[in-house]
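1. Give me a 3D structure for the following:
(chains A and B)
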Protein chains: 2
Amino acid sequence: MIKYILFDIDDTLFPSTEFSTLARKNAINAMISMGLPGDQNAIMAKLTRIIDRKGSNYGGHFDDLCKQLGIKDPARYTAAAVAAYHDTKTAIQPFPKVPLTLLRLKEAGYKLYIATNGDAVKQWDKLIRLRIALYFDGVFVSEELGTEKSVSFYRKVLRRLGARPEECMMVGDREDADIAPARKIGIATVRVLAGKHSRIPTRAHHSLKDISGLIRILQRL
Amino acid sequence: MIKYILFDIDDTLFPSTEFSTLARKNAINAMISMGLPGDQNAIMAKLTRIIDRKGSNYGGHFDDLCKQLGIKDPARYTAAAVAAYHDTKTAIQPFPKVPLTLLRLKEAGYKLYIATNGDAVKQWDKLIRLRIALYFDGVFVSEELGTEKSVSFYRKVLRRLGARPEECMMVGDREDADIAPARKIGIATVRVLAGKHSRIPTRAHHSLKDISGLIRILQRL
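-> Alright, predicted model coming up:
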């Protein structure tokens, strides 16, 4: 019987892909508002290339962009871009049915956990911004467990919970990080089909458009 | 004749002391909302001592606070505190008469500049958040000039502007940084009596409760 449900955050509990795109657009618009010359789409293409190359956790995207654009007084544009980017990122909202579904699962007696890759404070920041932090009985972050989501990550989680695999369910959007390794050690898996990875085929036990379907899946088990 | 007016930012263009106090209070309330045990005032006293000791630009205030409070899982509290702190800091508003006064000064043909201590991107961020960045013809930041506000700072500013001291006016709340060194080299000085330094006596040419009085001072000159 399932007792513990583990959730990924990005593109599982909120539309992370959508907010990232919006944050970049708003950042570029803010630079243009401060007087930056150039075409919005051309600047966006440059920024996208920088992010693809340096990764999304790199801190100097806008500094690099200013350098590429040959800007001599970058502070005003960097400040405008970062402010607009953060304002968008801090305005994140959960997928509409998420808060009520989490509440119903708590009412039904399930223990809810987060299982996420990344930096602990950054991932907690998302839970707080989404106003859903208090629903979770615990948070497992790769930074703290010393390994990215993998068979060894999920084994550590089971050990910390004192749980057997058949008592757990993992819910996430990523086939590689959320589904495959959890499934491999006997955890029930639910794939959420959202965000930029939504078209990758799945071998999960169940797949859903949003997590509200979880309640029916759990009732049927 | 005055042609160039230089402005300090903190406690001159917006109530920086007030927002800092509010930001700290909101941060502590957010930690308590996440389940932190303890008394609000006692925690505030600890935080104030940390900030006094490490300075306001130190990045680890809340990490240190969690350590002092003996918290074993600090990520959730640090994330909550930082989010609330930033939300308050990014909601800064100018003193009520500031935007209209800046516009009137521009209409009257004055060139407006910022003269500020600190980090260039952080100071630009404030101008952008206050929605007043576009009023300024330029920004002089100590980080970029290589010296904090002092006689040598103001000499560099005059050189960059190609201006004589008698063509300039410096407006700020700090006797030591804004008034004394500018006055020493013949710049007209206006002290704004706001924030935590407001009771320090002044030798400025003029003093004001807010910058709206500048227009009358300039008309009389």
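2. and residue A:166, what does it touch?
-> By Cβ atoms under 8 Å, 6 or more residues apart in numbering or on different chains, the contact list for residue A:166 reads A:1, A:186, A:188. For glycine as for every other residue, the C-beta is placed from the backbone atoms N, C-alpha and C.
3. my bad, residue A:207
-> Residue A:207 is in contact with A:190-193, counting by Cβ under 8 Å, 6+ apart.
4. Spell out the secondary structure type for it.
-> strand (DSSP: H, G, I helix; E, B strand; the rest coil).
5. Next secondary structure after the biggest helix by length in chain A?
-> For chain A, the longest helix by residue count, based on DSSP state H, is helix A:16-33. As assigned by DSSP states H and E, the chain's next helix or strand after helix A:16-33 is helix A:40-54.
6. Could you list the alpha-carbon positions for that following helix in CSV?
-> C-alpha atoms of helix A:40-54 as CSV (Å, rounded to 0.1, in the frame of the first residue of the first chain):
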residue,chain,number,x,y,z
GLN,A,40,14.0,42.0,-29.2
ASN,A,41,14.0,38.7,-31.1
ALA,A,42,17.7,39.0,-32.1
ILE,A,43,18.6,39.8,-28.4
MET,A,44,16.5,36.8,-27.2
ALA,A,45,18.3,34.5,-29.6
LYS,A,46,21.6,35.6,-28.2
LEU,A,47,20.5,35.1,-24.6
THR,A,48,19.1,31.7,-25.4
ARG,A,49,22.4,30.6,-26.8
ILE,A,50,24.2,31.9,-23.7
ILE,A,51,21.9,30.0,-21.4
ASP,A,52,22.2,26.8,-23.5
ARG,A,53,25.9,27.0,-23.4
LYS,A,54,26.4,28.1,-19.7
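7. so how far is the helix or strand just after that helix from its chain's centroid?
-> Using DSSP H and E, the next helix or strand after helix A:40-54 towards the C-terminus is helix A:61-68. Taking Cα atoms, centre = their mean, to the nearest Å, one finds the center of helix A:61-68 at 25 Å from the center of the full chain.
8. Helix A:61-68 packs against which elements?
-> helix A:40-54, helix A:74-89 (3 or more Cβ pairs under 8 Å, 6 or more residues apart in numbering or on different chains; DSSP states H and E).
9. now for these, which one comes closest to chain B?
-> Nearest to chain B among these is helix A:74-89; the distance by Cβ to the nearest Cβ comes to 3.5 Å.
10. which parts of chain A sit against chain B?
-> Near chain B, the residues belonging to chain A are A:30, A:34-35, A:75-76, A:78-80, A:82-83, A:86-87, A:90, A:120-125, A:127-129, A:133-134, A:139, A:141, A:144 when assessed by Cβ under 8 Å from any Cβ of the partner chain.
11. How is chain A divided into domains?
-> Per automatic domain parsing, the structural domains of chain A span A:4-15+A:93-220, A:17-89.
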